[in-house]
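Colleague: Curious how this folds, go ahead:
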Amino acid sequence: MTDTLKELNKNLQDIPALLGINKIPWLIAGPCSAETEEQVLSTAIELAKCPNVKVYRAGIWKPRTRPNCFEGVGEEGLKWLKTVKEKTNLLTATEVANPKHVELCLKYQVDILWVGARTTVSPFIVQEIADSLRGVNIPILVKNPVNTDIGLWIGAFERLYQAGIKKLGAIHRGFSSFEENDYRNKPHWEIPIELKRLIPQIPIICDPSHIGGDRKFIEPISQMALDLGINGLMIETHINPEQALSDAKQQITPSELIELLQKLNVRDAAPTDMLVKAQISRLRSSISRIDSRIIQDIADRMKYVEEIGRLKQKYKIPVLQMERWETLLKDHIEKAQEKGLDKEFTKALFELIHTQAVKKQF
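Modeller: Just a heads-up that it's a prediction; the model follows:
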């Protein structure tokens with residue numbers, strides 16, 4: 001752990017507490033994009049009726065993959081956000097992608113800024129944003145980078161912290177993938193879990209709208225986030241989603257959001273019943289013993305791998321035997337599914353083991 005990360009862990013300020021948030025889950029909600037003043041305000045008025053919603057979000061500048069798409073209304077939309085705050089008392093939030101965006105947001109007194117996934121991948125741009133925020137300690141949220149690189153995510157927090165920002169939070173919005181997938185972005189839950197391990201004090205907000213890419217996935221993804229201990233959600237909400245100028249498919253109405261909250265099951269942070277604690281403790285002990293066996297089995301496996309590697313070198317046999325590997329993987333997945341294990345989990349596990357085995361043979 002770097003010195004900056006140690007300091008960051010020690011000095012982070014609690015965003016939910018600072019904002020007076022005491023509802024779980026606490027919500028940042030609002031349209032993907034600010035489109036018209038009427039759309040922004042009418043959505044906000046309905047959202048203000050929901051006690052879990054404390055922050056109103058709306059995209060002012062929209063980074064689009066291809067040109068000639070709706071790229072946001074720009075500065076005019078910041079005036080609408082200011083009106084939202086005056087009429088509803090909701091805090092306001094939007095995405096910034098460069099110092100000019102930061103300057104304008106501060107001018108119109110936007111309460112919370114977030115760094116988008118496409119921006120987090122560029123240390124140069126993150127540094128420019130951090131420099132533009134020096135002396136202005138407002139809450140800054142950072143979305144995970146589009147690729148599965150936790151180092152870039154952590155690096156963004158470190159750059160912002162070194163610029164004097166102590167009100168930092170993370171937004172988990174999933175990761176792009178070339179693989180066929182039901183979701184728009186794969187959750188890779190292990191990455192926000194690892195982030196929480198490295199920065200225990202950082203609040204993590206889940207963005208089920210961007211992970212799922214379809215409103216039908218918002219509820220199960222939100223529930224999964226809550227089950228993992230994530231207490232904040234960012235859900236794209238539009239007064240008329242079907243008419244939205246961007247990401248229409250993944251937005252819901254304010255009334256649908258309220259219905260969704262009634263379905264979600266919020267779990268307590270820790271068990272209080274002594275019998276339950278004892279049962280969990282016993283099960284964890286069993287898991288620890290199994291984990292030790294797994295580690296020993298993998299270590300033994302790698303010894304055989306090294307021996308095979310020496311034979312391959314001696315007899316000039318190529319390290320990678322693709323046909324055998326594909327047969328093995330198929331066999332492992334079939335056996336795992338017979339035992340009730342998830343196909344994708346099994347595939348990822350053995351691909352990781354195989355990658356290490358290949359390295360051992362060079």
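Colleague: Show me where the stretch 101-250 of the chain has its strands.
Modeller: 112-115, 140-143, 168-172, 204-206, 232-236 (DSSP state E, counting those that start in this stretch).
Colleague: what's the second one packed up against?
Modeller: Other elements packing on strand 140-143 under the criterion 3 or more CB pairs under 8 Å, 6 or more residues apart in numbering; DSSP states H and E are strand 112-115, helix 117-120, helix 150-162, strand 168-172. For glycine as for every other residue, the C-beta is placed from the backbone atoms N, C-alpha and C.
Colleague: swap in the shortest one?
Modeller: For strand 204-206, the elements it packs on are strand 168-172, helix 190-198, helix 218-227, strand 232-236, judged by 3+ CB pairs under 8 Å, 6+ apart.
Colleague: how about the ones you listed in CSV, adding mean pLDDT and distance to Ala93?
Modeller: As requested, those are exported to CSV (pLDDT from 0 to 100; distance: least, CB to CB, whole Å):
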stretch, mean pLDDT, distance to Ala93
strand 168-172, 98, 10
helix 190-198, 94, 19
helix 218-227, 96, 18
strand 232-236, 98, 9
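Colleague: okay, these, which one's buried deepest?
Modeller: Mean neighbour count, computed with mean count of other CB atoms under 10 Å, is highest for strand 232-236 among the helices and strands packed on strand 204-206, reaching a mean of 27.
Colleague: ok so, going back, need the helices and strands packed on strand 140-143 in CSV with distance to Arg301, can you?
Modeller: Formatted as CSV, the helices and strands packed on strand 140-143 follow (distance: least, CB to CB, whole Å):
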stretch, distance to Arg301
strand 112-115, 41
helix 117-120, 36
helix 150-162, 27
strand 168-172, 33
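Colleague: Please identify which of these is closest to Val276.
Modeller: strand 168-172 (28.4 Å; CB to CB).
Colleague: residue contacts, the spatially most central residue of the chain?
Modeller: Centroid check for the chain by CA atoms, centre = their mean gives His172 as the closest residue, at 0.9 Å. Taking CB atoms under 8 Å, 6 or more residues apart in numbering, we find His172 in contact with 143-144, 187, 191-192, 204-207, 211, 225, 230.
Colleague: one more time with 6 Å
Modeller: By CB atoms under 6 Å, 6 or more residues apart in numbering, the residues touching His172 are 144, 192, 204, 206.
Colleague: Tell me which of the helices and strands packed on strand 204-206 approaches Asp3 most closely.
Modeller: helix 190-198 (13.9 Å).
Colleague: How about Glu236, nearest residue that isn't a chain neighbour?
Modeller: The shortest distance from Glu236 to any non-neighbouring residue, by CB to CB, 6 or more residues apart in numbering, is to Ser209 (4.0 Å).
Colleague: Can you check which of the helices and strands packed on strand 204-206 gets nearest to Lys314?
Modeller: Going by CB to CB, the one of the helices and strands packed on strand 204-206 nearest Lys314 is helix 190-198, 38.5 Å.
Colleague: List the buried residues of the helix or strand where Lys330 lies.
Modeller: If you go by DSSP states H and E, Lys330 is part of helix 322-338. Going by neighbour count (16 or more other CB atoms under 10 Å), the buried part of helix 322-338 is 332-333, 336.
Colleague: What are the contacting residues of that helix?
Modeller: 343, 346, 350.
Colleague: mind running it again at 7 Å?
Modeller: Residues outside helix 322-338 that contact it (CB atoms under 7 Å, 6 or more residues apart in numbering) are 343, 346-347, 350, 354.
Colleague: Please indicate which of the residues you listed are buried?
Modeller: So, by 16+ other CB under 10 Å, the buried ones in the contacts of helix 322-338 are 346-347, 350, 354.
Colleague: Could you dump those into a markdown table and include secondary structure?
Modeller: Formatted as a markdown table, those follow (DSSP: H, G, I helix; E, B strand; the rest coil):
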| residue | secondary structure |
| --- | --- |
| Thr346 | helix |
| Lys347 | helix |
| Phe350 | helix |
| His354 | helix |
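Colleague: okay, among the residues you listed, which ones form the most distant pair?
Modeller: Thr346 and His354 (12.1 Å).
Colleague: just checking, what's the longest helix in this structure?
Modeller: Counting residues, the longest helix in the chain under DSSP state H turns out to be helix 274-314.
Colleague: Tell me how far Tyr304 lies from Glu323.
Modeller: From Tyr304 across to Glu323, the span is 20 Å (CB to CB, to the nearest Å).
Colleague: Ignore what I typed, I meant Asn231.
Modeller: 48 Å.
Colleague: May I have the predicted confidence score for the residue sitting furthest away from the middle of the chain?
Modeller: No residue in the chain sits farther from the centre than Tyr315, which is 47.8 Å out by CA atoms, centre = their mean. On pLDDT, Tyr315 comes in at 92.
Colleague: again with the one 3 residues further on
Modeller: What the model reports for Pro318 is a pLDDT of 91.
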